[in-house]
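Enquirer: prediction below, plus the sequence it came from.
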There are 2 protein chains.
Amino acid sequence: MDGGIDHLADERSKAEFDVDAMKLVWAGSRHAFDVSNRVSRLVATDPVFEKRNRAVMSRKELFKNTLKKSVHAWKIINELRLSDEEAIKLRSFMDQPGFLDLHWGMFVPAIKGQGTEEQQKKWLSLANKLQIIGCYAQTELGHGSNVQGLETTATFDPKTDQFIIHSPTQTSSKFWPGGLGKVSTHAVVYARLITNGKDHGVHGFIVQLRSLDDHSPLPGITVGDIGMKFGNGAYNSMDNGFLMFDHYRIPRDQMLMRLSKVTREGKYVASDVPRQLVYGTMVFVRQSIVSNASNALARAVCIATRYSAVRRQFGSQSGGIETQVIDYKTQQNRLFPLLASAYAFRFVGEWLKWLYTDVTQRLEASDFATLPEAHACTAGLKSMTTSATSDGIEECRKLCGGHGYLWCSGLPELFAVYVPACTYEGDNVVLQLQVARFLMKTVSQLSSGKVPSGTTAYMGKAKHLLQCSSGVQKAEDWLNPDMVLEAFEARALRMAVTCANNLSKFENQEQGFSELLAELVEAAIAHCQLIVVSKFIDKVEGEIEGRGVKKQLKNLCYIYALYLLHKHLGDFLRTHSVTPEQAALANDQLRSLYSQVRPNAVALVDAFDYTDHYLGSVLGRYDGNVYPKLFEEALKDPLNDSVVPDGYREYIRPLIKQEFRFAKL
Amino acid sequence: MDGGIDHLADERSKAEFDVDAMKLVWAGSRHAFDVSNRVSRLVATDPVFEKRNRAVMSRKELFKNTLKKSVHAWKIINELRLSDEEAIKLRSFMDQPGFLDLHWGMFVPAIKGQGTEEQQKKWLSLANKLQIIGCYAQTELGHGSNVQGLETTATFDPKTDQFIIHSPTQTSSKFWPGGLGKVSTHAVVYARLITNGKDHGVHGFIVQLRSLDDHSPLPGITVGDIGMKFGNGAYNSMDNGFLMFDHYRIPRDQMLMRLSKVTREGKYVASDVPRQLVYGTMVFVRQSIVSNASNALARAVCIATRYSAVRRQFGSQSGGIETQVIDYKTQQNRLFPLLASAYAFRFVGEWLKWLYTDVTQRLEASDFATLPEAHACTAGLKSMTTSATSDGIEECRKLCGGHGYLWCSGLPELFAVYVPACTYEGDNVVLQLQVARFLMKTVSQLSSGKVPSGTTAYMGKAKHLLQCSSGVQKAEDWLNPDMVLEAFEARALRMAVTCANNLSKFENQEQGFSELLAELVEAAIAHCQLIVVSKFIDKVEGEIEGRGVKKQLKNLCYIYALYLLHKHLGDFLRTHSVTPEQAALANDQLRSLYSQVRPNAVALVDAFDYTDHYLGSVLGRYDGNVYPKLFEEALKDPLNDSVVPDGYREYIRPLIKQEFRFAKL
């Protein structure tokens, strides 16, 4: 803390719970907390990881800065012999998207998941030492969500025992892969496998792109950066790239052959490894996206909460001290549900980690029964949490008023760097449609007596849920976990059943599905919200240590649920899951919960244990010393290098001195 | 059009209405269309107004580029002797925030509105020729919304006949005024007027900041730029500034004295000019913000609509042509309500222009009766339309999928440059609370027999609206203007009355108000939405020329209304303004309307008559030639200056060549 004064000390003294204990709950375990705490401070105190100058860097400077930081991080990881867990945290706290994200996050896992043992041995030993740097080249200029529509071809040439990789059209150019534009030496490239004139659909291939001697693209490869993206910092540190192949040849053994292979003769052979394994990887990637969502939302909420406690506006009588904006119900009504959402996403993310372990164990035992449900669940939660987080970050920015618009508030940057999560790894609307398809299938099987499991288990109570009516009679009833759950279950089930009924009115199911898409998405979202609410309730009903911690989490849990109830009131009312009177009671309860959270708000965001470096926000500083620091940041702008700006003699002076002569045309 | 091929020709041929006639309806008149059409093309064809390189400009380059464009615009305005109307359009199509926006938009109007005739004569003649450049210095570091809480002081010194302008604290520094940081020579400064030891509250003063000879800040003035803001282009072209006064003296006659003055002896005297005149200016500024909202939303919708017609994804059988994404109901369900909103805001903006004229005429006749209603109405509409537009722009960006995240899609820039509208000229939540106060007052006066007027006239039917039930029985009934209006009126009135009832349960009205803030905001929004719906209905029920134009506008009008009904269904159901069954019918009707709009969608955005220059979007190009142009844009990025990037020798090569030595710590 600068100067050692804690402007938020008064707020912190009000907290009614043990913040250190909450830190452990947030982190998930003592061990996870220790790692995060230690590594985040390692990054925060290392001058190479300074972030504050990113706003005024040119594209080239920013890219070079990423190279510098990535290499520095790699050195630290090696010198301190960090574990994988620590290394991942280090890159995460470095907080600057870069080529290694894709190398570690997509290239290496793709080889692990789709390569044979032999291929893994060869390529992973190179990749793990960074002797090669790889990216993941799937998306094409004309094809994003529809992977099966990719146009790039890999045609087997039996004469040379090679694949000829080719981009037949401009729209088939690879476009977007991170790390591709300027850095990657290799890529896993997805292309239509063609052998003996037959198209076997999209498969993965390991392709070298650049010379390992001088980094120049190899003959037949055209590669470059796709240009500026949203924001000034954000993803502009990353060299998202384009890539075109002109009959580029690779050896046959660079096709990833774990699931299927092409023989020397050009015969396509599927292996006996179950294809479902691929879905296991998807579950893994998406659960990590949900964890990231809670992190990102927590950052925004931390900034907005601290600043709302520092900022004062209105409410004073003749020059006295003004009211903290966090004391306004309008502020609480927007901020506290987001605070609750950050915690909600944290716990559902934790549960998803368990789900991934469970799925993996089952896959290893060739038990694929739970996979469709797990897949639908992770797809839906990825979609729901990333959409809510994007919107939530921008809401936090607005909650910071005018100063939230400053780059140094950290919120514009956080928004710009976060929003791609709504698009990558599955467009959020497309994902909800997958969930909807799964729900429709589940509903249709109810009559045949199939017992739904996992997150759809509640559908097994269909008979009850279709006819029950909520027993809520007073505001406090909305703190009853069973009553809350039943309202969410009834709403989700009834929406799904209504969709199924409406679908059945169409002769052609597919036509009905496409006509009712919007309605189906809403039903899917209702299902996903139920999952998050139920996992939050599970958490707060379980054992939680620390003075007052459980009480705080309960408050947040019911804020989350009742906020959703209010936001989607139309759903709850039209399905008769609650009455208007019960909804009004929920609002009363919500206001009461806001009052209970208010004195604990700053401590609840302290529990995230974020360093000022990671937050990257003048408004969210731990010590609350906002105003002097806003000035300090302002003075650093290049425009303030001189009192009289460049351009004065050329433009301003001639203007005010009336020196321009106007030809009257 | 490049190459002359119109990739959207097929879409355009499908339109069922006269696009040229629609252009006139959108513009408001033949004259308005002619001016916009001519001036926008003047700007588009002038190389000085090129915008595409802004993303990679440094802050200083961008600022200097703004100086260059502003001066160039000034030259054109003088050389072509453009009218005021044309000059405003020119600056608007220039599409780059700069210091002159504040000079013409705030500095000059402030002097016009608050200066005496003598002051106007002196200062406006200088300002109109740009012999001085002015800004509007109101907001302080610690004070935004709460103008009455400003800290800067202007203390009259009778000895010297001067005011001493002073910044007593750091939080009293002026912070944010556009054009202040590096350009303005003068400012209208708001400060607490103190004379004879008495604080008379906030008043405006004309203050010179910089030398007219060398542009250096005058002694006692500290001024500079506040630093980077959201986005890379956006408002970073503008020198938003900070300003501190150290006992800075100005002559007494630089206080703006139309409404009140200080005499030579230091006596504070209010003039007989009604203070309500200030509200007239507010109505003017806010109606122009509503017009801008429709412009900005229309830009985003135009980009998303054209690209949705170009983009194809899924739906093909084995390599055939894929489905245009605009054909998906999920896309229509998100896009068409925004298209309808753009038109809705256009027409309510047009109506607000009439309202401003009406208010002005009444003010001149000292008739202040309609002012509170007009003030509440414009405050609410400013809030509602700017919030919807910000959200809508970001939604359009998401509707463009991954490519929407590229800077060259135009949408990140549009979002970043637009969102401050939610904060400036009144924070959007604070404004809705003003509306709510007015509504509560109106409700409370109903029983006393006072007849509500203007946009609250419907409250005069309270008795009917509190007990009526919607007569909708089939989907087509939702195309009946009376039934739609009644549902919106019932909802708005019942929400307001419920708030009033809930307020009455509190002993202390102010405490009740602050407890119920969130609910009050919702009631205010319901009222504002009713206004927009009713003005849209008025428009489509009136005379409209051109083949098929009226039909299209009717479709959009009911899409707008029924979309709102669905979005706020909780409100409609809990107030029993519609039943769940009627709501389901509204959804059926909505889907049918989407189908009717679909073939006309591209033509409906063509009607905005935007140039490719103004749109500034590769995805929204008139000719739909998206993919080749995305490549062209990519190649322009500085990172593509060289095949092997700067940083290769320093970082990448040593990494892959394993040349780093790690000290094992």
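Expert: It's in. Residues are numbered from 1 along each chain as shown, chains lettered A, B, ... in the order given.

Enquirer: can I assume A:V605 is in contact with A:A309?
Expert: No. Checked against Cβ atoms under 8 Å, the pair A:V605 and A:A309 is beyond contact range at 9.6 Å. All C-beta spots, glycine's among them, are computed from the backbone N, C-alpha and C.

Enquirer: show me what from the stretch 351-500 of chain A comes close to chain B.
Expert: Selection of the stretch 351-500 of chain A residues close to chain B by Cβ under 8 Å from any Cβ of the partner chain yields A:394, A:398, A:401-402, A:405-408, A:412, A:416, A:419-420, A:422-424, A:427-429, A:433.

Enquirer: among the residues you listed, name the ones in helices.
Expert: Using DSSP state H, A:394, A:398, A:412, A:416, A:428-429, A:433 are the members of those that sit in helices.

Enquirer: would TSV of those residues with neighbour count and pLDDT be doable?
Expert: Shown next, in TSV, are those (neighbours: other Cβ atoms under 10 Å in any protein chain shown; pLDDT from 0 to 100):
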residue	neighbour count	pLDDT
A:E394	23	97
A:K398	20	97
A:P412	29	97
A:A416	25	97
A:N428	22	94
A:V429	23	93
A:L433	20	95
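
Enquirer: ok, so of those residues, who is nearest B:A496?
Expert: Nearest to B:A496 among those is A:K398, at 25.0 Å by Cβ to Cβ.

Enquirer: what's near enough to touch the closest one?
Expert: Each residue near A:K398 by Cβ atoms under 8 Å, 6 or more residues apart in numbering or on different chains is listed here: A:404, B:419, B:422-423, B:428.

Enquirer: please apply the same query to A:A87.
Expert: So A:A87 contacts A:I77 (Cβ under 8 Å, 6+ apart).

Enquirer: coming back round to it: which of the contacts of A:K398 ranks first by neighbour count?
Expert: In terms of neighbours by other Cβ atoms under 10 Å in any protein chain shown, the contacts of A:K398 top out with B:V419 at 28 neighbours.

Enquirer: if you skip the residues just before and after it, what's nearest to that one?
Expert: Spatial nearest neighbour of B:V419, chain neighbours left out: B:S390 (4.9 Å); criterion: Cβ to Cβ, 6 or more residues apart in numbering or on different chains.

Enquirer: isn't that neighbour up against B:P420?
Expert: No. Using Cβ under 8 Å, B:S390 is not in contact with B:P420; the gap is 9.3 Å.

Enquirer: give me the low-pLDDT residue ranges for chain A?
Expert: By pLDDT under 70, the low-scoring segments of chain A are A:1-3, A:316-319, A:664-665.

Enquirer: top helix in it by residue count?
Expert: Determined from DSSP H, the single longest helix within chain A is helix A:329-364.

Enquirer: give the buried residues for that one.
Expert: Using 16 or more other Cβ atoms under 10 Å in any protein chain shown as the test for burial, helix A:329-364 gives A:329-352, A:355-356, A:359, A:362-363.

Enquirer: near chain B at all, stretch A:562-582?
Expert: Yes. Shown here: stretch A:562-582 in contact with chain B (Cβ under 8 Å from any Cβ) through A:566, A:568-576, A:580.

Enquirer: who wins for most neighbours among those?
Expert: In terms of neighbours by other Cβ under 10 Å, the residues of stretch A:562-582 next to chain B top out with A:F572 at 30 neighbours.

Enquirer: how near is A:D10 to chain B?
Expert: Using Cβ to the nearest Cβ, to the nearest Å, A:D10 is found at 18 Å from chain B.

Enquirer: ugh, wrong one, A:L630
Expert: A:L630 is 7 Å from chain B, by Cβ to the nearest Cβ.

Enquirer: just checking, that residue touches A:K636?
Expert: No. Contact criterion Cβ under 8 Å: A:L630 and A:K636 do not qualify, at 11.2 Å.

Enquirer: settle it for me: which of these two has more neighbours?
Expert: Counted by other Cβ under 10 Å, A:L630 and A:K636 do not tie: A:L630 has more neighbours, with 23 against 15.

Enquirer: list the contacts for the residue nearest to that one when sequence neighbours are not counted?
Expert: Nearest residue to A:L630 in three dimensions, chain neighbours excluded: A:V618, at 5.5 Å (Cβ to Cβ, 6+ apart). A:V618 is in contact with A:406, A:408-410, A:626, A:629-630, A:633, counting by Cβ under 8 Å, 6+ apart.

Enquirer: what's the answer for A:A298, then?
Expert: Residues in contact with A:A298 (Cβ under 8 Å, 6+ apart) are A:342, A:346, A:605, A:608, A:610.

Enquirer: so it, which of the three states?
Expert: Under DSSP: H, G, I helix; E, B strand; the rest coil, the three-state class of A:A298 is helix.

Enquirer: and the gap between it and chain B?
Expert: Applying Cβ to the nearest Cβ to A:A298 and chain B gives a distance of 21 Å.

Enquirer: same deal with A:G280?
Expert: Note on A:G280: its distance to chain B, by Cβ to the nearest Cβ, is 25 Å.

Enquirer: okay, now that residue: neighbour count?
Expert: When neighbours are defined as other Cβ under 10 Å, A:G280 has 19 of them.

Enquirer: doesn't A:V359 make contact with it?
Expert: Yes. Counting by Cβ under 8 Å, A:G280 does reach A:V359; the two are 5.8 Å apart.

Enquirer: which element is A:L503 on?
Expert: A:L503 is located in helix A:481-504, with elements delineated by DSSP states H and E.

Enquirer: now that helix: buried residues?
Expert: Across helix A:481-504, burial judged by 16+ other Cβ under 10 Å covers A:481, A:483-500, A:502-503.

Enquirer: with stretch A:258-275 instead?
Expert: Neighbour-count burial for stretch A:258-275 flags A:258-262, A:266, A:268 (criterion: 16+ other Cβ under 10 Å).

Enquirer: can you report how many residues lie near A:K461?
Expert: When counting by other Cβ under 10 Å, one arrives at 15 neighbours for A:K461.

Enquirer: that should have said A:R12, apologies.
Expert: 16.

Enquirer: show me the contacts for it.
Expert: The contact partners of A:R12, by Cβ under 8 Å, 6+ apart, come to A:6, A:19, A:602-603, A:606.

Enquirer: could you identify the most distant pair in those residues?
Expert: A:D6 and A:V19 (13.6 Å).
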